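Student: coordinates for the following, if possible.
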Amino acid sequence: MDWLLWVSLGALFIGIWHEINRFPATNDSILKLQEKFDELEFENSDLRKKIESLDNELLSLSNEIDKIKDPAYHQALDNGDGHALYEMDKARDNI
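Tutor: The predicted model follows:
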């Protein structure tokens with residue numbers, strides 16, 4: 001049983017020695033990987049902001065196109081003329 005203990009201690013020593021010698025390289029690669037993740041996270045948040053901005057612009061342009069297509073409806077909507085809106089919807093068979 002003594003020889004098993006010595007073999008186990010030797011293997012433990014070799015494993016610890018290997019990890020100590022390899023740790024700086026592992027640490028450097030982990031730091032580089034963390035930097036890349038940080039860069040990607042920043043780029044992702046930047047792209048998310050740009051997409052939100054484009055989404056808002058698209059909604060604004062869509063509303064402007066709707067106003068150009070049907071100015072009478074939007075004029076009645078802006079004026080709060082419920083009767084005119086009702087008559088337009090009735091004429092368009094929306095009711």
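
Student: separation between the residue nearest in space to the middle of the chain and Asp70?
Tutor: The chain has Arg48 as the residue nearest its centroid, 5.3 Å off, counting by Cα atoms, centre = their mean. According to Cβ to Cβ, to the nearest Å, Arg48 stands 34 Å off from Asp70. In this view, the C-beta of every residue, glycine as well, is placed from N, C-alpha and C.

Student: for Ser60, same thing?
Tutor: Counting by Cβ to Cβ - Ser60 and Asp70 are separated by 17 Å.

Student: the more surrounded of the two?
Tutor: Asp70 (14 against 10; other Cβ atoms under 10 Å).

Student: pLDDT of the longest helix seen in the chain, averaged?
Tutor: Longest helix in the chain by number of residues (criterion: DSSP state H): helix 2-69. If you average the pLDDT over helix 2-69, you get 89.

Student: packing partners for the helix or strand just after that helix?
Tutor: Moving toward the C-terminus from helix 2-69, the first helix or strand encountered (DSSP states H and E) is helix 71-79. The elements that helix 71-79 packs onto, with contact taken as 3 or more Cβ pairs under 8 Å, 6 or more residues apart in numbering; DSSP states H and E, are helix 82-91.
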